[in-house]
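A.B. asks: Take a look and give me a structure for this.
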Amino acid sequence: MIAPTGPLCTTETIAEDLRAAGVEAGETLLVHSSLRSLGWVAGGAVAVVQALLEVLGPHGTLVVPTLTADNSDPAGWSSPPVPRQWWPAIRASMPAYDPLVTPSTQVGVIPESVRTWPGALRSAHPRTSFAAVGAAAAELTSGHAVDCKYGEQSPLARLERAGARVLLLGTGFDTCTCFHLAEYRITGAVTTDESFAVMTPQGRQWTTVRDTATNDERFGELGEDFARDRPVRRGTVGAAATRLFPLADAVAYAQRWLSRT
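C.D. replies: Got it, this is the predicted structure:
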């Protein structure tokens, strides 16, 4: 058995560290997170969500990505790929996205705890949903169009208008979804087909829409330039390094950066 590694984190110590890192009561906060990075957390992801909600208070709102990458065309799967002869069966049988049921994937256990939190609301996109708990949850998660993963009809644009900040909690800029909003605003942005299973009034359907192509491969490099050039508050929560910054500032910087690179 592997011995636990510290520091020991509790809801109380995490809340104290979040305040010291700059998180404020009443704000709207988009969080990208890694539970493992904090150390040994008594209560796991639930304790982290409790601490975040405690610090934000009754007038604040916690938002997380609750992505569902598996609900996509198997022709594009590479990690790992599946046999070509399986593709038709997968397209025919993939369960339709249900915001109440479909689990998030590839974003860690903290977002999944937020998704299932009492009172949580989740946006409608079958691949790139966001979940929110708090005062502005309904406003931020509504109206997420199926042909707009991260653009003007997504929670990211609503977060920008709300003056939200982004907290990277033990994660790098490669996880920073708000940079995708900048991709939608670049002149001549490339579009691509996106396919997934959705629920319609006629029942489950495999649907293909046209949307802006997105690519996060350079987000780490983009983020480091952003942190060098713009005010980014650094801190620690447990053993996790944190970065805290306005979402609108990051999107504007990313739009300039992506347009010239």
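A.B. asks: show me where this structure has helices.
C.D. replies: All helices of the chain, identified by DSSP state H, fall at 11-21, 44-56, 87-93, 109-115, 137-141, 155-161, 178-184, 219-229, 247-260.
A.B. asks: TSV for those helices, including mean neighbour count?
C.D. replies: For the C-beta atoms, the positions are set from N, CA and C on the backbone; glycine is no exception. Shown next, in TSV, are the helices of the chain (neighbours: other Cβ atoms under 10 Å):
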stretch	mean neighbour count
helix 11-21	19
helix 44-56	21
helix 87-93	12
helix 109-115	23
helix 137-141	20
helix 155-161	23
helix 178-184	23
helix 219-229	16
helix 247-260	18
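A.B. asks: could I get the ones you listed as CSV with mean pLDDT?
C.D. replies: CSV is the format used below for the helices of the chain (pLDDT from 0 to 100):
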stretch, mean pLDDT
helix 11-21, 98
helix 44-56, 98
helix 87-93, 97
helix 109-115, 97
helix 137-141, 98
helix 155-161, 98
helix 178-184, 98
helix 219-229, 97
helix 247-260, 97
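A.B. asks: Which among those is found nearest to Gly76?
C.D. replies: With Cβ to Cβ as the criterion, Gly76 lies closest to helix 87-93 of those, at 10.2 Å.
A.B. asks: ok, and what's touching that closest one?
C.D. replies: Here helix 87-93 makes contact (Cβ atoms under 8 Å, 6 or more residues apart in numbering) with 73-75, 82, 195, 197, 206.
A.B. asks: Buried among those residues? Need that as a selection in ChimeraX.
C.D. replies: The ChimeraX command for the buried members of these (criterion: 16 or more other Cβ atoms under 10 Å) is given here:
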select :73,74,195,197
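A.B. asks: Mind checking which of the contacts of helix 87-93 land in strands?
C.D. replies: With strands taken from DSSP state E, the overlap with the contacts of helix 87-93 comprises 195, 197, 206.
A.B. asks: Now distance to Leu62 too, for the helices of the chain, in TSV please.
C.D. replies: Converted to TSV, the helices of the chain look like this (distance: least, Cβ to Cβ, whole Å):
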stretch	distance to Leu62
helix 11-21	11
helix 44-56	5
helix 87-93	34
helix 109-115	6
helix 137-141	8
helix 155-161	12
helix 178-184	15
helix 219-229	22
helix 247-260	14
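A.B. asks: To Ser123, which of the ones you listed lies closest?
C.D. replies: The closest of these to Ser123 is helix 137-141. By Cβ to Cβ, the value is 4.3 Å.
A.B. asks: Give me the contacts around the closest one.
C.D. replies: Taking Cβ under 8 Å, 6+ apart as the rule, helix 137-141 contacts 28, 61, 63, 119-123, 130-132, 155, 158-159, 162.
A.B. asks: among the helices of the chain, which is nearest Ala240?
C.D. replies: Nearest of those (Cβ to Cβ): helix 11-21, 8.6 Å.
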